[in-house]
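> When you get a sec, could you give me coordinates for this:
(one chain, ligands or ions: 1)
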Amino acid sequence: MSDPDATGDAAEGATGAEAADAPPAAVLDELFATIESRKEELPEGSYTASLFTHEKGENAVLEKVGEESTEAILAAKDDDLDDLTAESADLVYHLLVLLAMKDLDLNDLRDELRDRF
Ligand SMILES: N=c1c2ncn([C@@H]3O[C@H](COP(=O)(O)OP(=O)(O)OP(=O)(O)O)[C@@H](O)[C@H]3O)c2ncn1[C@@H]1O[C@H](COP(=O)(O)O)[C@@H](O)[C@H]1O
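Residues are numbered from 1 along each chain as shown. This next block holds a predicted model:
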């Protein structure tokens, strides 16, 4: 996996062209690599970095996971599929930040899911 810098977009572990063409299965890896990079480098102006340095500590991301879950539920209840997709993306992003904060990674998640087959 490449080492994303601190100034690009979501899939910056790859080049711009690679990012745009990233197959769905690779998007989570690219996003998680970006999150890990933000955790390590803590660049100014990064929302992700701000979650790792928040004065509320881990409660900041825990609150976001709760909020985004609620927003996804409300979107589902409204049958607003666009909103459900957007809120689900917010939820997954914050959940990945939480995993990184706890020194877990996508392979831990994959292993857990695989064990359930
Ligand atoms: N996927 C995300 C992502 N999803 C959601 N968010 C942020 O999560 C926050 C969620 O906020 P809300 O939906 O509650 O809306 P809000 O009103 O802005 O909320 P508040 O933050 O003000 O409470 C927003 O600030 C969003 O920008 C994200 N921030 C970053 N990423 C990815 O992380 C990458 C690195 O981002 P930086 O760390 O900011 O460089 C980006 O390129 C993205 O790919």
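> Going by residue numbers, what spans are helices in the chain?
16-21, 24-41, 47-52, 59-77, 81-101, 106-114 (DSSP state H).
> Turn these into CSV, including distance to the ligand.
Where C-beta positions appear, they are placed from N, C-alpha and C, glycine not excepted. Shown next, in CSV, are the helices of the chain (distance: least, CB to the nearest ligand atom, whole Å):
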stretch, distance to the ligand
helix 16-21, 10
helix 24-41, 5
helix 47-52, 3
helix 59-77, 6
helix 81-101, 4
helix 106-114, 14
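> Now mean neighbour count too, for the ones you listed, in CSV please.
Listed next are the helices of the chain as CSV, based on neighbours: other CB atoms under 10 Å:
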stretch, mean neighbour count
helix 16-21, 12
helix 24-41, 18
helix 47-52, 17
helix 59-77, 15
helix 81-101, 17
helix 106-114, 11
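> And the residue nearest the centre of this protein?
When CA atoms, centre = their mean is applied to the chain, the residue found nearest the centroid is residue 93 (2.4 Å).
> any chance of the helices of the chain in TSV, plus mean pLDDT?
TSV is the format used below for the helices of the chain (pLDDT from 0 to 100):
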stretch	mean pLDDT
helix 16-21	57
helix 24-41	94
helix 47-52	98
helix 59-77	98
helix 81-101	98
helix 106-114	94
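> give the contact list for the residue nearest to the centre of the chain.
residue 31 (CB atoms under 8 Å, 6 or more residues apart in numbering).
> What separation is there between residue 43 and residue 34?
Distance of residue 43 to residue 34, computed by CB to CB, to the nearest Å: 11 Å.
> before we move on, what about residue 84?
24 Å.
> now swap in residue 106 and tell me
Distance from residue 106 to residue 34, by CB to CB: 12 Å.
> can you check residue 92 too?
When residue 92 is compared with residue 34 (using CB to CB), they lie 13 Å apart.
> Right, I'll leave it there.
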